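Student: Fold the following and give me the result.
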Amino acid sequence: MQQNERILQIKELSISVNDKTIIENLNLNINKGEIHAIMGKNGSGKSTLAKVISGHPLYTIEQGKILFKNEDITYEDPDKRAHLGIFLGFQYPVEVPGVSNIDFLRAAYNSKKRNIKEDELDPLSFFELVNKEIKKVNIDNTFLNRSLNEGFSGGEKKKNEILQMSLLQSQLCILDEIDSGLDVDALKDISDNIKRFHNKENSIILITHYQKLIDYIQPSYVHVMHKGNIKASGNTNLALQIDKYGYENFM
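Tutor: Next up, the predicted model:
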């Protein structure tokens, strides 16, 4: 692929928190239209990488660069990254009592519209839009008026992340263990929506422990992380090896 088709480039990235190195000399390239799955044991740096790409302020960048669509975003704020087209679906979505889900979704949607200088949607127009999207995600529209994530089941929280992703139409979507805590039906719904959302103009990073999500999604590449670096990369056969033999060969 040509350089202008590259959506994310991470160069020799080293990250620390509280003076402890979490990621060291990591390199990763992702092109438009690709889905990359990142696997690894707990503590390998997977979730840290997801948060660093999205601009979480907790982490210190010791060296390296993060380029998004050829723009250096290494030190950009999370809001700027979101407006540029990066979305992070959280492993543990936060509950926000007193803020209705639909108000939050509309605020996020209109923030993006303002940034690209397009007309914002009034409450009625947005309600019509979100109702179309919510049917695709297969959750009841009554949850729109509940407080954001408050009292949601694990499956509802994860589906709400997918709903946000669909509404925002971001170009790089990072889904951090979107499959954790889901029953079989919810996992199938989530996987179907990820595949529906994906196209040749966007890219997805899946952080996962589980073979089942890999089976459903069939990512372009699978990477294994250990001690803050990518130790192996390949196709879905790599995930099958991990499922059969564990991570010992990559440590």
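
Student: Quick check: the gap between the most far-flung residue of the chain relative to its centre and I102.
Tutor: Distance from the centre of the chain peaks at L124, with 28.7 Å (CA atoms, centre = their mean). Distance, L124 to I102, using CB to CB, to the nearest Å: 11 Å. C-beta coordinates here come from the backbone N, C-alpha and C atoms, glycine included.

Student: ditto for Y245
Tutor: 46 Å.

Student: Mind checking which of these two has more residues around it?
Tutor: I102 (20 against 10; other CB atoms under 10 Å).

Student: and G64, backbone torsions?
Tutor: G64 adopts backbone torsions of phi 100, psi 180, taken as degrees, to the nearest 10.

Student: Same question for the one 3 residues further on.
Tutor: L67 has phi and psi values of phi -110, psi 130 when expressed as degrees, to the nearest 10.

Student: T74 should be in a strand, yeah?
Tutor: No - read with DSSP: H, G, I helix; E, B strand; the rest coil, T74 is coil and lies in no strand.

Student: State the distance from it to K158.
Tutor: Going from T74 to K158 by CB to CB gives 29 Å.

Student: Compare these two and say which is more crowded by neighbours.
Tutor: A count of neighbours by other CB under 10 Å puts K158 above the other of T74 and K158, at 27 against 16.

Student: surely that one meets I178?
Tutor: Yes - K158 lies in contact with I178 (CB atoms under 8 Å); the separation is 5.5 Å.

Student: Are there residues contacting both of those two? Which ones?
Tutor: Jointly contacting K158 and I178 under the rule CB atoms under 8 Å, 6 or more residues apart in numbering are G89, I190.

Student: Please, where are all the strands along the stretch 51-200 of the chain?
Tutor: 60-68, 71-72, 86-89, 96-100, 147-148, 172-176 (DSSP state E, counting those that start in this stretch).

Student: K195: which of these is closest?
Tutor: Relative to K195, the nearest member of the strands of the stretch 51-200 of the chain by CB to CB is strand 172-176, separated by 12.3 Å.
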